[in-house]
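# Following is a predicted model, sequence given first.
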Amino acid sequence: MESQEADPERAVDRGSFPLIGLVVALIAVVAVLAVAGPRSNTPTAESATTTLASATTSTTTPVTTTSAATTTQAPAQEGESTLSGEPLLGEAVGLTMWSGGDRPLGSLDLDTGQIRQFGVRAFPIFATTAGVLVYDIIEREFVVFDGETESLQPLPDDERFRITTVAPAFDPNTLWAADTSTEGRVEWRLISLQTMAPVRTAQSQSVITSALPFGIELAVGPELDEVDGKVYRLTPGGYEFWADGSIVVRDTTSALIESCDGEDCTRRWADIRTGRFFDELTPDLNDRNEMLGGGSWIHSFADDLTVSEFVSRDGTTRYDTGLLVAARRFDISPDGEWAAITGQQLLRMINLRTGEQLRVTEAAPILGTAATVVLSDST
């Protein structure tokens with residue numbers, strides 16, 4: 001998917017400045033935007049901002065409101081933590097919500113209401129065993145942020161390998177980094193989160209990505225490669241032919257493959273690591289799809305952005321997300337039980353077991369109008 005979002009707008013404290021002071025403040029904001037602004041070929045935030053539609057759908061209950069390489073030190077923590085002491089979702093879920101973008105990176109413990117805000121201007125992308133992978137919009141690089149030590153570890157790149165997108169890997173102690181700058185070829189490096197050094201390389205002809213704000217893209221790793229109607233599987237020795245067909249959706253472990261004989265097409269789930277196909281219900285999906293929640297859910301939406309749904313792996317359950325999807329500002333928990341949707345300084349949570357929707361007002365202090373959100377297991 002092509003990226004459609006730009007650097008979000010920054011808010012200005014209007015206060016009671018005299019006229020001269022106001023002019024100076026506005027000049028300062030313009031200077032900040034010039035430093036951290038979008039690349040020259042990215043649309044403006046105004047034209048690309050995602051908006052939330054009505055949160056009440058026929059498949060869910062109405063929304064209710066609940067009443068949170070080289071290592072370098074991040075700037076000091078901004079603001080003080082607050083504690084409600086009570087689960088914000090009505091039950092203990094063991095999850096932390098991360099958000100950032102047009103506001104500094106922040107976290108909210110959904111069980112205790114603890115809020116932390118850090119002096120890091122970054123978009124969270126996905127959780128890893130070493131911390132949260134974020135995109136630092138000041139340094140314009142992918143880094144791993146450790147919330148306990150407040151340290152930043154940039155992913156290694158060099159003149160021969162420029163990281164343009166990243167992807168989760170099967171081994172949670174690693175992640176994939178990709179250089180897509182060469183047309184017709186994607187270079188991959190599997191990076192150890194312990195050493196921040198490459199432990200494997202790969203090369204593919206295709207890459208599947210989804211768009212985040214600020215022109216950032218999140219990829220699916222090179223476990224599979226699709227070329228000219230054939231699907232190839234990455235093995236320890238390199239790529240080998242796997243199946244005729246195309247990839248409908250996949251993650252690091254499983255894939256939905258479509259094979260056609262004339263106009264007669266069939267879809268089957270398969271295990272990528274073993275190469276085995278198996279009998280399992282397959283879902284009806286829209287034009288574009290992304291697997292989330294440990295492979296238990298699929299975000300499926302139409303090219304014209306008229307439909308956006310969370311669809312269960314077997315297709316038996318689906319929830320209208322209420323989104324106009326210009327860029328992904330949502331996540332599903334690792335256990336596949338909760339979905340988080342953000343936008344316009346709101347956090348909406350969907351209980352994927354029951355369909356109940358909650359607005360978490362405690363999250364407002366760390367949510368901007370153009371932010372990404374990540375759900376991770378609480379430590």
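Nice, I can see it.

# Could you use CA atoms for every contact and neighbour count after this?
Noted.

# From what I see, residue 331 and residue 350 are in contact.
No: assessed by Cα atoms under 8 Å, residue 331 is found out of contact with residue 350, at 10.5 Å.

# Now for the two: what residues contact both?
339-340 (Cα atoms under 8 Å, 6 or more residues apart in numbering).

# Pull out the buried positions in stretch 92-108.
By neighbour count on 16 or more other Cα atoms under 10 Å, the buried set for stretch 92-108 is 93, 95-108.

# And residue 218, which helix or strand is it part of?
Here residue 218, judged by DSSP states H and E, is contained in strand 217-220.

# Could you let me know which of the buried residues of stretch 92-108 ends up closest to residue 227?
residue 101 (35.5 Å; Cα to Cα).

# Bridge partners for the closest one, pull those for me.
Residue 101 forms beta bridges with residue 371, as assigned by DSSP bridges.

# residue contacts, it?
With Cα under 8 Å, 6+ apart, residue 101 has these contacts: 8, 121-124, 368, 370-372.

# Now the buried members of those residues.
Of the contacts of residue 101, these count as buried by 16+ other Cα under 10 Å: 8, 121-124, 368, 370-372.

# where along the stretch 51-200 of the chain do the helices fall?
Counting by DSSP state H, counting those that start in this stretch, no segments of the stretch 51-200 of the chain form helices.

# hang on, the earlier thing: for the strand holding residue 218, enumerate the helices and strands it packs against.
strand 165-168, strand 208-211 (3 or more Cα pairs under 8 Å, 6 or more residues apart in numbering; DSSP states H and E).

# quick one, what contacts the most centrally placed residue in the chain?
Computing the C-alpha centroid of the chain and ranking residues by Cα atoms, centre = their mean puts residue 125 first, at 4.3 Å. Residues in contact with residue 125 (Cα under 8 Å, 6+ apart) are 132-135, 218, 372-374.

# Same list, those residues, but as JSON lines with pLDDT and distance to residue 198 please.
As requested, the contacts of residue 125 are exported to JSON lines (pLDDT from 0 to 100; distance: Cα to Cα, whole Å):
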{"residue": "132", "pLDDT": "97", "distance to residue 198": "19"}
{"residue": "133", "pLDDT": "98", "distance to residue 198": "16"}
{"residue": "134", "pLDDT": "98", "distance to residue 198": "19"}
{"residue": "135", "pLDDT": "97", "distance to residue 198": "19"}
{"residue": "218", "pLDDT": "97", "distance to residue 198": "19"}
{"residue": "372", "pLDDT": "93", "distance to residue 198": "27"}
{"residue": "373", "pLDDT": "95", "distance to residue 198": "27"}
{"residue": "374", "pLDDT": "97", "distance to residue 198": "25"}
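
# Straight-line length of stretch 144-159, end to end?
21 Å (Cα to Cα, to the nearest Å).

# Distance check, the residue nearest to the centre of the chain against residue 328.
10 Å.

# Find the residues that touch each one of those two.
With contacts taken as Cα under 8 Å, 6+ apart, the residues that reach both residue 125 and residue 328 are residue 372.

# what about residue 279, neighbour count?
Residue 279 has 8 neighbours, counted by other Cα atoms under 10 Å.

# Next up, the contacts around it.
Counting by Cα under 8 Å, 6+ apart, residue 279 has contacts 268-269.

# Check it and give its pLDDT.
Looking at residue 279, its pLDDT is 92.

# before we move on, what about residue 312?
pLDDT, residue 312: 98.

# Who does the closest residue to it other than its chain neighbours form a beta bridge with?
For residue 312, ignoring the flanking residues on the chain, the nearest one in space by Cα to Cα, 6 or more residues apart in numbering is residue 297 at 4.5 Å. Counting by DSSP bridges, residue 297 is bridged to residue 292, residue 312.

# what's the spacing between residue 297 and residue 283?
Distance, residue 297 to residue 283, by Cα to Cα: 10 Å.

# So which of these two has more stuff around it?
residue 297 (24 against 17).

# doesn't residue 291 make contact with the more buried one?
Yes: counting by Cα under 8 Å, residue 297 does reach residue 291; the two are 5.9 Å apart.

# which residues of the protein score low on pLDDT?
Along the chain, the parts satisfying pLDDT under 70 run over 1-84.

# shouldn't residue 325 be in contact with residue 303?
No: in this structure, residue 325 is not within contact of residue 303 by Cα under 8 Å, at 9.5 Å.

# Give me the more crowded residue out of these two.
The neighbour count for residue 325 versus residue 303, taken as other Cα under 10 Å, is higher for residue 325 (23 against 13).

# Now do the phi/psi pair for the more buried one.
phi -90, psi 100 (degrees, to the nearest 10).

# what's the distance between it and residue 101?
17 Å.
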